[in-house]
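J.: With the sequence up front, the predicted model follows.
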Amino acid sequence: MTENHLTSGVSQEEIQSVLLKMGRQAKKASYLLANASTEDKNRWLLAMADALERDTDLILKANLNDMETARKNGLSEAMLDRLMLDPARVRDIAQALRHVVTLPDPANRILSSTVRPNGLRIDKVSVPIGVIGIIYESRPNVTVDAAGLCLKAGNAVILRGGSEAFHSNMALTQCIASAAEAAGMPHGAVQLIPMTDHAAVSVLLKMDQYLSLIIPRGGERLIRMVVNESTIPVIKHYKGVCHIFVEKTCDQEQSLKIIENAKCQRPGTCNAVETLLIHRPVVAEFLPKLYAYLKEKNVEMVGDASCRAIIPEMGEAVEEDWYTEYLCKKISIKVVESVEEAVDHINHYGSGHSDSILTQDEKAAEYFLNLVDSAAVYVNASTRFTDGGEFGMGAEIGISTDKLHARGPMGLPELTSYKYKIYGNGQIR
């Protein structure tokens, strides 16, 4: 539990002192968590959920403070909505913790077991990572979601939320940590950095003697800063430049609905489609349908020369568009000659997140699935399914476009590592 409320204007020496103390407490707690039973962890999570509902009024009072400050600072309506808590949202956060209780414990599972010719038995066993730092923006629910997932996997966690949600995050952390510690959770297992100074993040990112992993959740600018400064391994995705390739054999009516869903359902998410590639044999027939269809949905479209030759009023796509994550109702469109060219374009301009082919050609589908170098590759489906809940993981700590050690939606198993346990009876080499 975080004990001091320091906000901002703290000296570098005090920041260093506070964070090193938090690191020591988290490291000590992590050893106890690694040996905690599933029953213990579930009891702590249920205590957290009950406390959130019990202390809702205190949490909402803290959130009102943040909301008033955010309005004065001119935050957008979308950001204010992400920040806002009400009784229903607090209940949803508590219910999310109760759902984590129902998920399988990913720690201390035997992943493989072999007996060597000399009689040694070697078990490969999943274990918690240790201490995880989560750096995130805006949404207070991430405070509880991240804490609950890390705890279920047996990890201690140090949280650093955005300054706009500081009072909300403090109230949430104090609520859940106090309740869980009263139920037996080790002190220091769940902590929030109690200051808004940016210098605190720089200190945290150098604490490799205590932390084993950093997970940033937020915009590309935040994530690049974390990667550049951290001496601790980072799992991240910079952005979601997701593609859909409309291959010549596709079901065109089905394709229109998939593209609409991928672009319009929630355009501000990292798994929304940003670039559409259309196979030349079908472009003259398909593009006018698509243009009329998306125009009705208020989608802005920019295209290459081939697209604009068919739809002259379409805006011009420039080189920068192919790299751009719009996060709004805008999409870039390009004509390609083949599935090979589509794959080359995606691998060059994409972000390794989520890409889809719309086709009835099994050979083209398999080529696309095998050659596109992304975390999630689809056939005849929307990219919007790249999500822990939609993948059946039950919960998600984030999405990774890295390849080590996690890729794609990260659930509880991705919050573990492994060790080898070797059983002998006197063997020597």
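T.: On my side now, so go ahead.
J.: and Ala309, how many neighbours does it have?
T.: 14 (other CB atoms under 10 Å). For the C-beta atoms, the positions are set from N, CA and C on the backbone; glycine is no exception.
J.: in whichever strand or helix holds it, what counts as buried?
T.: Here Ala309, judged by DSSP states H and E, is contained in helix 305-310. Residues of helix 305-310 classed as buried: Ser306, Cys307, Arg308, Ile310 (neighbour count, 16 or more other CB atoms under 10 Å).
J.: What is it packed up against?
T.: Judged by 3 or more CB pairs under 8 Å, 6 or more residues apart in numbering; DSSP states H and E, helix 305-310 is in contact with helix 280-296, strand 330-336.
J.: Can you tell me the element the nearest residue to Val203 once chain neighbours are set aside falls in?
T.: Closest residue to Val203 apart from its sequence neighbours, by CB to CB, 6 or more residues apart in numbering: Leu19 at 4.8 Å. Taking DSSP H and E as the definition, one finds Leu19 inside helix 12-34.
J.: How far away from the center of its chain is that helix?
T.: 24 Å (CA atoms, centre = their mean, to the nearest Å).
J.: name the helices or strands packed onto it?
T.: By 3+ CB pairs under 8 Å, 6+ apart, helix 12-34 packs against strand 121-128, strand 131-136, strand 156-160, strand 190-192, helix 199-204.
J.: Give me the next element, helix or strand, following that helix.
T.: helix 38-54.
J.: Would you mark the buried spots in that next one?
T.: In helix 38-54, counting by 16+ other CB under 10 Å, buried: Asp40, Lys41, Asn42, Arg43, Trp44, Leu45, Leu46, Ala47, Met48, Ala49, Ala51, Leu52.
J.: repeat for stretch 16-31
T.: So, applying 16+ other CB under 10 Å, buried residues of stretch 16-31: Gln16, Val18, Leu19, Met22, Gly23, Gln25, Ala26, Lys27, Lys28, Ala29, Ser30.
J.: okay, those residues in JSON lines with distance to Glu260 and pLDDT next?
T.: What follows is these, written out as JSON lines (distance: CB to CB, whole Å; pLDDT from 0 to 100):
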{"residue": "Gln16", "distance to Glu260": "51", "pLDDT": "97"}
{"residue": "Val18", "distance to Glu260": "49", "pLDDT": "97"}
{"residue": "Leu19", "distance to Glu260": "47", "pLDDT": "98"}
{"residue": "Met22", "distance to Glu260": "47", "pLDDT": "98"}
{"residue": "Gly23", "distance to Glu260": "48", "pLDDT": "98"}
{"residue": "Gln25", "distance to Glu260": "50", "pLDDT": "98"}
{"residue": "Ala26", "distance to Glu260": "45", "pLDDT": "98"}
{"residue": "Lys27", "distance to Glu260": "49", "pLDDT": "98"}
{"residue": "Lys28", "distance to Glu260": "52", "pLDDT": "98"}
{"residue": "Ala29", "distance to Glu260": "48", "pLDDT": "98"}
{"residue": "Ser30", "distance to Glu260": "46", "pLDDT": "98"}
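J.: what's the pLDDT at Ala78?
T.: Note for Ala78: predicted pLDDT of 80.
J.: got it, and Ser8?
T.: 60.
J.: Could you list the low-pLDDT ranges of this structure?
T.: Counting by pLDDT under 70, the chain contains low-confidence residues at 1-8.
J.: quick one, phi/psi of the residue most central in space within it?
T.: Nearest residue to the geometric centre of the chain (CA atoms, centre = their mean): Gly398, 1.7 Å. When read as degrees, to the nearest 10, the backbone of Gly398 gives phi 160, psi -180.
J.: sorry, back to before: quick one: the residue nearest to Val203 and Met207 touch, right?
T.: Yes - assessed by CB atoms under 8 Å, Leu19 is found in contact with Met207 at 6.6 Å.
J.: To Tyr420, which of the helices and strands packed on helix 12-34 lies closest?
T.: strand 121-128 (5.7 Å; CB to CB).
J.: Quick one: residues in contact with that closest one.
T.: For strand 121-128, contacts defined as CB atoms under 8 Å, 6 or more residues apart in numbering pick out 30, 33-34, 106-116, 153-155, 413, 415-424.
J.: quick one: the residue nearest to Thr38 when sequence neighbours are not counted and Gly389, what's the gap?
T.: Distances taken as CB to CB, 6+ apart place Asp105 nearest to Thr38, at 4.1 Å, with adjacent residues excluded. Look at Asp105 and Gly389: by CB to CB, to the nearest Å, they are 19 Å apart.
J.: out of those two, which sits in the busier spot?
T.: Neighbour tally, Asp105 and Gly389, criterion other CB under 10 Å: the higher count belongs to Asp105, 18 against 13.
J.: So that one lies in a strand, does it not?
T.: No - going by DSSP: H, G, I helix; E, B strand; the rest coil, the assignment for Asp105 is coil, not a strand.
J.: I'd guessed it sits against Leu151; true?
T.: No - using CB under 8 Å, Asp105 is not in contact with Leu151, being 10.9 Å away.
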